[in-house]
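S.K.: Let's see this in three dimensions:
(one chain, ligands or ions: 2)
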Amino acid sequence: MAQKKYVYFYGVSKELTEGDQTMKAVLGGKGANLAEMANANLPVPPGLTITTEACAYYSKTGGKYAPEMETQLKAQLKKLEKEMGKKLGDAKDPLLVSVRSGAAVSMPGMMDTVLNLGLNDKAVLGFIEQCGNERTGWDCYRRFIDMFGDVVMGPYTGLTHHDFEVELEALKKKYKAKEDTDLTAEQLKELTEIYKKVYQNKVKKPFPQDPWEQLDLSIRAVFGSWGSERAEKYRQINKISGLMGTAVNICTMVFGNMGARSGTGVAFTRDGGTGHSKAMGEYLIDAQGEDVVAGIRTPKHLDDMPKEKDPVWKKAYADLQKIMARLEKHYKYPQDVEFTVQEGKLYMLQTRNAKRTGLAGVRWAVEMASGVDFFTGEKQPKILNQKEALMSVSGEDLEQLLFPVFDIAAEKKAKIITSALPAGPGAAVGKIMFEAEDAEAAIEKDADEKIILVRHETSPEDVGGMWAAQGVLTSTGGMTSHAAVVARGWGKCCICGAGDLKIDYKKKTVTIDGKVYKQGDWLSLNGSTGAVYEGQLPTQVSPVVSAVVDGNAAAKKDPIYKMYEQISKWSDTHRKMNVRTNADSPADSAAARAFGAEGIGLCRTEHMFFEGDRIWAIREFILADDEKSRKGALAKLLKHQQKDFEGIFKAMDGLPVTVRLLDPPLHEFVPHTKKDQQEMAKRLGVPAKKVTQRVQELHEFNPMLGHRGCRLSITYPELCVMQTKAIIGAACKVAKLKKPVKVLPEIMIPLIGTKAELDFLEKIVRENAEEIIAKTGSKVKYMVGTMIEIPRAALTADEVAETAEFFSFGTNDLTQMTFGYSRDDIGSFLPDYLNEKILPADPFQTLDQTGVGQLVKLGVERGRETRPDLKCGICGEHGGDPESVKFCAKVGLNYVSCSPFRVPIARLAAAQAAIKG
Ligand code: PEP
Ligand code: MG
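M.R.: Ligands and ions are numbered 1, 2, ... in the order given. Sure thing, here's the model as predicted:
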């Protein structure tokens with residue numbers, strides 16, 4: 001049997017490189033992209049990648065290497081040593097490597113990098129000899145001890161970077177050094193000895209001198225970090241599942257800490273916050289990678305690089321720009337790269353798809369496909385076609401364009417208490433909290449709590465708290481620090497590097513500009529400008545909402561609105577499925593239409609019963625003793641309902657409107673406290689006892705399975721009569737206006753389980769509709785159909801379709817009844833089900849395609865066996881969920897229907913479904 005390959009080689013040449021970008025699942029994102037860059041002959045320091053399968057084996061066996069992994073690693077390491085002409089741990093000319101983790105999806109929750117692995121007391125001298133720089137040698141060795149101690153041994157021993165940092169600060173003080181770079185070789189050598197003692201004190205063993213032991217422990221640390229609590233949490237929050245594990249990258253070191261002609265940095269080919277097409281990045285001269293990312297030293301802006309004194313920087317900058325342009329074109333996606341310049345020569349250490357806000361995602365898509373900057377009108381290279389652009393944007397991205405921003409006038413007046421780097425855009429208002437755990441706990445207690453997490457810097461274990469917060473504010477770190485990268489990925493408001501902040505974690509206070517703010521005090525952050533305000537600033541709707549819903553002319557000129565418009569237009573060009581909306585008022589209908597809705601898929605008539613005084617008419621109906629009094633009460637409702645429908649038909653002129661007959665159980669319309677019942681009795685002029693008694697009669701053990709939906713109209717046909725009269729009466733009236741409205745009413749009967757139920761009510765609907773049409777001499781055409789929301793209706797869809805002219809899948813109830821989970825009570829056990837991965841997601845949010853989806857598919861198929869042109873749609877909440885929308889397209893629904901603000905998202909998802917085919 002062929003041996004499984006666990007260790008891949010990359011670099012030196014295309015011929016020697018094994019693997020490419022398509023192998024992310026096995027090589028991890030970093031490993032696959034390093035191989036891809038090596039294949040493209042980009043300057044990548046050679047190295048090895050241990051596969052994610054090896055990690056899976058290690059996790060499964062509780063810490064054993066896969067058979068053959070070690071032999072393969074040793075053989076590949078030999079090859080690397082041969083190619084580099086250096087040996088790991090060699091006293092004369094040692095090979096130094098970095099060890100890094102990298103899963104198929106980038107995950108800040110896993111192990112960080114260990115640099116300079118292979119150094120020991122002897123090898124450091126050989127390394128100094130070779131590089132001719134004593135300072136670099138000791139700097140590398142002390143960094144190695146620090147990183148190895150913190151990252152590899154820390155999880156077991158409690159040793160942290162901070163333990164080393166304290167010593168570094170003390171030494172700097174002793175020698176009056178301002179920056180780390182001011183320390184001499186001799187002083188760094190002294191620091192190395194101190195670091196070894198720090199290590200020995202906590203680990204209770206001397207720092208390992210054997211390079212194989214160093215490597216072995218590091219690989220185990222990477223594998224182990226896959227199952228760490230913080231990595232698990234990150235995967236859970238980001239809904240990452242189905243990955244085998246992390247790969248381990250062992251990369252030949254290049255050195256950014258070799259003096260003024262060396263340095264290291266990170267860059268984004270485009271701005272991940274605003275989406276601007278200019279590359280942004282940060283670098284540090286005479287430094288190693290972690291100095292930039294960890295926010296220890298404040299890095300310089302990439303734009304300053306060509307202005308550096310030494311001319312090597314101009315060339316390095318030009319090379320970097322060229323490579324970044326090439327990478328963006330190659331990957332068809334903006335990249336986030338890490339690079340090192342060693343004595344003037346540029347090396348690429350990593351590339352990956354850049355994390356970004358939703359705004360940046362939409363901007364990248366429209367600009368890369370149109371070749372135009374939406375803000376300045378300037379031309380730029382066309383990299384994507386329309387379909388590629390649409391596929392690169394998600395529903396969540398588009399949703400972010402509908403997020404609120406600060407009220408402009410209020411923000412102008414407000415005092416900026418400090419400002420720093422705008423790391424994640426949007427407006428955030430919340431109460432100060434200093435610990436991520438506290439933020440998480442507060443949200444658990446009250447989901448509506450608004451929090452601003454204030455910290456020196458965030459780390460991967462803070463991700464839960466960052467997620468819980470409205471916004472994040474840090475005192476250190478740049479645009480590429482942990483807080484910035486994570487927040488941007490989520491589209492969360494974030495401001496970084498606010499050096500003015502004096503945080504006292506113990507007292508739970510932060511002092512800004514001399515003023516002390518306590519935990520619980522309000523702050524407002526503008527993540528797009530970096531401004532921090534005291535108190536709660538009012539927010540205002542996004543330009544998209546302002547332009548679409550309010551028709552604001554100025555907002556229509558806003559580039560953000562134009563981007564939204566472009567994506568929506570392209571979506572409409574490619575999608576095959578219609579998008580309707582769930583709306584029950586003329587205002588909502590108009591807003592939805594402006595968002596692109598092509599009709600109403602569900603008008604829940606009961607919502608109209610709660611407006612103004614109408615509730616009293618329905619209560620009168622409920623209390624009535626006989627049909628005559630019930631009809632009397634309904635007559636009062638009729639005129640209101642008819643008016644509502646007239647408004648909706650006008651708003652949807654020319655588009656279909658599906659109106660559903662009354663659905664909820666009647667107990668939802670009566671009061672349940674004694675006081676309110678007394679008020680009802682008084683108002684309706686009946687004894688209080690009568691009200692109490694009727695409320696008791698309406699009590700059901702399982703109201704969701706009780707007297708609701710079509711069952712109500714079967715008991716009280718006069719309800720169905722009144723609603724039909726209101727719908728068709730309104731339709732005939734507006735169709736006859738001077739400026740006639742084109743009406744396409746679709747009357748929908750809810751919650752049927754048998755054809756007989758539908759037949760019973762269809763007859764009443766048709767009789768009454770025809771009577772009005774005849775009476776008014778109108779030519780209004782209408783349809784009668786049903787909701788498919790009971791499994792039996794789906795199973796017998798062929799019979800149901802003999803009567804129904806259309807189906808609308810009510811997947812809220814269909815999910816409830818297929819799973820047997822109550823819509824109202826699932827909250828008590830859903831968190832356990834999600835934690836234990838018994839359910840992959842809340843089935844009321846994302847359609848369960850395997851189970852409930854089968855009923856939808858079967859319902860469509862059986863229904864169309866009887867009636868080939870049967871119009872099928874969905875009006876459950878899933879109609880606005882991108883994954884569910886794609887499923888609906890696959891099973892051949894004619895439309896999805898969702899809330900007005902989800903319409904643009906559904907349009908995009910429908911286009912993506914059509915493009916994917
Ligand atoms: C449904 O059940 O999916 C539906 C749309 O109806 P309601 O949510 O009103 O029960
Ligand atoms: Mg329903």
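S.K.: just for the protein, where's the confidence low?
M.R.: Screening the chain residue by residue with the criterion pLDDT under 70, one finds the ranges 1-2, 108-109, 292-297, 460-461, 478-480, 488-489, 491, 612.
S.K.: near ligand 2, which residues of it?
M.R.: With Cβ under 5 Å from the ion as the criterion, the chain meets ligand 2 at residues Glu789, Gly810, Asp813. Quick note: C-beta positions are derived from backbone N, CA and C, even for glycine.
S.K.: What is the neighbour count of the residue lying closest to the last one once chain neighbours are set aside?
M.R.: Once its chain neighbours are removed from consideration, Asp813 has its nearest residue in Glu789; the separation is 3.7 Å (Cβ to Cβ, 6 or more residues apart in numbering). When neighbours are defined as other Cβ atoms under 10 Å, Glu789 has 27 of them.
S.K.: Just give the closest residue to the most centrally placed residue in the chain, not the sequence neighbours.
M.R.: The centroid of the chain falls nearest to Trp490 when counting by Cα atoms, centre = their mean (5.2 Å). Closest residue to Trp490 in three dimensions, ignoring its sequence neighbours and counting by Cβ to Cβ, 6+ apart: Trp467, at 7.0 Å.
S.K.: can you list contacts of whichever strand or helix holds that neighbour?
M.R.: For Trp467, the host element (DSSP states H and E) is helix 463-468. Residues lying outside helix 463-468 but in contact with it, judged by Cβ atoms under 8 Å, 6 or more residues apart in numbering, are 108-109, 230, 233-234, 237, 433, 435-440, 442-443, 451, 453, 458, 472, 483, 486-487, 490, 492.
S.K.: List the first helix or strand encountered after that helix toward the C-terminus.
M.R.: Using DSSP H and E, the next helix or strand after helix 463-468 towards the C-terminus is strand 471-474.
S.K.: Parallel or antiparallel, list what pairs with that next one.
M.R.: For strand 471-474, the paired strands and their directions (DSSP bridges) read strand 451-455 (parallel), strand 493-496 (parallel).
S.K.: out of the ones you listed, which comes closest to ligand 1?
M.R.: When the strands paired with strand 471-474 are compared by Cβ to the nearest ligand atom, strand 451-455 sits nearest ligand 1, at 31.7 Å.
S.K.: for the top helix by length along the chain, packing partners?
M.R.: With DSSP state H setting the assignment, residue counts place helix 627-651 as the longest helix in the chain. Here helix 627-651 is seen to pack against helix 586-594, helix 614-623, strand 656-660, helix 717-735 when contacts are counted using 3 or more Cβ pairs under 8 Å, 6 or more residues apart in numbering; DSSP states H and E.
S.K.: Can you lay out the ones you listed as a markdown table showing mean neighbour count and distance to Glu396?
M.R.: Listed next are the helices and strands packed on helix 627-651 as a markdown table, based on neighbours: other Cβ atoms under 10 Å; distance: least, Cβ to Cβ, whole Å:
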| stretch | mean neighbour count | distance to Glu396 |
| --- | --- | --- |
| helix 586-594 | 21 | 20 |
| helix 614-623 | 20 | 37 |
| strand 656-660 | 25 | 28 |
| helix 717-735 | 23 | 37 |
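S.K.: helix or strand for the nearest residue to Gly654 once chain neighbours are set aside, which one?
M.R.: When the adjacent residues along the chain are set aside, Gly654 lies closest to Lys742, with 4.4 Å between them (Cβ to Cβ, 6+ apart). Under the assignment given by DSSP H and E, Lys742 is not contained in any helix or strand.
S.K.: dump the residue contacts of Lys742.
M.R.: Asp653, Gly654, Ala735.
S.K.: what about the second one, which SS state?
M.R.: Looking back up the chat, that one is Gly654. Applying DSSP: H, G, I helix; E, B strand; the rest coil to Gly654 yields a three-state assignment of coil.
S.K.: how close does it get to Gly289?
M.R.: Computed as Cβ to Cβ, to the nearest Å, the Gly654 to Gly289 distance reads 60 Å.
S.K.: who's more crowded, the two?
M.R.: For Gly654 against Gly289, the residue with the higher neighbour count under other Cβ under 10 Å is Gly289, and the figures read 24 against 12.
S.K.: thinking again about what came up before, of all the helices and strands packed on helix 627-651, which lies closest to Pro671?
M.R.: helix 614-623 (8.6 Å; Cβ to Cβ).
S.K.: Can you classify the nearest residue to Asn582 once chain neighbours are set aside by secondary structure?
M.R.: By the measure of Cβ to Cβ, 6+ apart, the closest residue to Asn582 outside its immediate chain neighbours is Leu602, 4.3 Å from it. Per three-state DSSP, the secondary structure class of Leu602 is strand.
S.K.: And Gly265, by the same measure?
M.R.: strand.
S.K.: Surely it touches Tyr283?
M.R.: Yes. Using Cβ atoms under 8 Å, Gly265 makes contact with Tyr283 at a distance of 2.9 Å.
S.K.: Leaving out chain neighbours, which residue sits closest to the one residue in the stretch 151-300 of the chain that gets nearest to ligand 1?
M.R.: Relative to ligand 1, the nearest point of the stretch 151-300 of the chain is Lys239 (23.3 Å; Cβ to the nearest ligand atom). By the measure of Cβ to Cβ, 6+ apart, the closest residue to Lys239 outside its immediate chain neighbours is Ala841, 7.4 Å from it.
S.K.: What of Ser218?
M.R.: For Ser218, the nearest residue in space outside its immediate sequence neighbours is Val99; the separation is 4.2 Å by Cβ to Cβ, 6+ apart.
S.K.: Quick one: residues in contact with the one helix or strand the one you found maps to.
M.R.: Val99 is part of strand 97-102, with elements assigned from DSSP H and E. Among residues not part of strand 97-102, those counted as contacts by Cβ under 8 Å, 6+ apart are 27-31, 47, 49, 88, 110-118, 215, 218-219, 222, 225-226, 246-253.
S.K.: please redo it, this time with the cut-off set to 7 Å
M.R.: 28-31, 47, 110-111, 113-115, 117-118, 218-219, 222, 225, 246-253 (Cβ atoms under 7 Å, 6 or more residues apart in numbering).
S.K.: Partner strands of that strand, with direction?
M.R.: Sheet pairing here is set by DSSP bridges, and for strand 97-102 it gives strand 114-117 (antiparallel), strand 247-252 (antiparallel).
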